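Student: sequence first, predicted model second:
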Amino acid sequence: MELKVLGCHGGETPKHRTSSFLINDHLALDAGAITSQLSLGEQQQIKAVAVSHAHLDHIRDLAPLVDNRCQQGGPGLEILGTAATLKELKRHFFNDRLWPDFSKIETAGAPTITYRTLRPEKPTQVAGLTLKPVQVDHTIDTAAFVVSDDQGSIAYSGDTGPTERLWQVLNETPDLRALLMEVSFPNEQTKLAIESGHHTPRTLAKDLKKLKQADLPILLFHIKPVFEAKVEQQLAKIKKHHLTVMNLGDQFLF
């Protein structure tokens, strides 16, 4: 699997973009930064977007993405998420008020967007890959994703604070090649992190003890730009795991 980092921060500046990752050019995990990072041709290659949850920093670029796809004459785009996430997108985003309901607007003779509901821990086939959602602990309904092909799997945490089921699933996943894991605030902001459903380096280190595969590459995202230097200093003190803070434009092959 080829992974491209389109956005990997918990906030936005000219040098920071919110969460969005592209696998094999065809499957996006979240949509915080798609149209700001990809050409029209690259946008058109995306077959599906799996949405971890409905917070704006993870769905924002769905709006210009589907608009561009419509104007390009297709193909239609599939949006995947849990029932609760898709309900929020339909009610509050693609609702003919905040943005047009592109499920009712055709391109190339088919709806510009279609929705597919994901059931927790039930694998589904999409864009030549297997996608399995796993519920995690955030302030709204949120799913992590385990993405697999015939060579192995990678996992994407979505937004989460301390959680349980994700680690159990990861420990049961054969050929796990990497984990994209969120961490947002420095240890001094633990109260805010707890209230907003995110990790600090201290809580992340505690959660990582639940992971049996000690040599697993762990790619970190969602650091708040305001706290970037401080969080990275504190992450450097975690010695028992292979931690890498992701940057815009990074590419990985698993």
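Tutor: Received it, and whenever you're ready, just let me know what you need. Not measured: the values here are computed from a predicted model.

Student: ok, residue 151 - how many residues close by?
Tutor: 9 (other C-beta atoms under 10 Å). Where C-beta positions appear, they are placed from N, C-alpha and C, glycine not excepted.

Student: which pLDDT does the model give it?
Tutor: Confidence at residue 151, expressed as pLDDT, is 94.

Student: so what does it have for phi and psi?
Tutor: phi -100, psi -20 (degrees, to the nearest 10).

Student: please apply the same query to the one 10 residues further on.
Tutor: Backbone dihedrals for residue 161, given as degrees, to the nearest 10, come out at phi -100, psi -160.

Student: can you tell me how far it is from residue 200?
Tutor: 9 Å (C-beta to C-beta, to the nearest Å).

Student: give me the secondary structure label for the nearest residue to residue 159 once chain neighbours are set aside.
Tutor: When the adjacent residues along the chain are set aside, residue 159 lies closest to residue 138, with 4.8 Å between them (C-beta to C-beta, 6 or more residues apart in numbering). When classified by DSSP: H, G, I helix; E, B strand; the rest coil, residue 138 comes out as coil.

Student: give me the neighbour count for residue 138.
Tutor: Residues near residue 138, counting by other C-beta under 10 Å: 22.

Student: so for stretch 109-118, mean pLDDT?
Tutor: Computed over stretch 109-118, the average pLDDT equals 96.

Student: buried set for that stretch?
Tutor: Going by neighbour count (16 or more other C-beta atoms under 10 Å), the buried part of stretch 109-118 is 111, 112, 113, 115, 118.

Student: now it, how far from the centre of its chain.
Tutor: 19 Å (C-alpha atoms, centre = their mean, to the nearest Å).

Student: next: stretch 171-188.
Tutor: That offset, for stretch 171-188, works out to 12 Å (C-alpha atoms, centre = their mean).

Student: could you do stretch 35-49 as well?
Tutor: So, by C-alpha atoms, centre = their mean, the centroid of stretch 35-49 is 16 Å from its chain's centroid.

Student: residues near the closest residue to residue 22 other than its chain neighbours, how many?
Tutor: Excluding its sequence neighbours, the residue lying closest to residue 22 (C-beta to C-beta, 6+ apart) is residue 4, at 4.3 Å. Number of residues near residue 4 (other C-beta under 10 Å) recorded here: 18.

Student: part of a helix, is residue 4?
Tutor: No. Read with three-state DSSP, residue 4 is strand and lies in no helix.

Student: relative to residue 141, how far out is it?
Tutor: 27 Å.

Student: show me where the stretch 51-200 of the chain has its strands.
Tutor: 77-82, 106-107, 110-111, 113-118, 124-126, 129-136, 142-149, 152-156, 176-182 (DSSP state E, counting those that start in this stretch).

Student: so how far is the first one off the chain centroid?
Tutor: Using C-alpha atoms, centre = their mean, we find the averaged C-alpha position of strand 77-82 to lie 13 Å away from the chain's own average C-alpha position.
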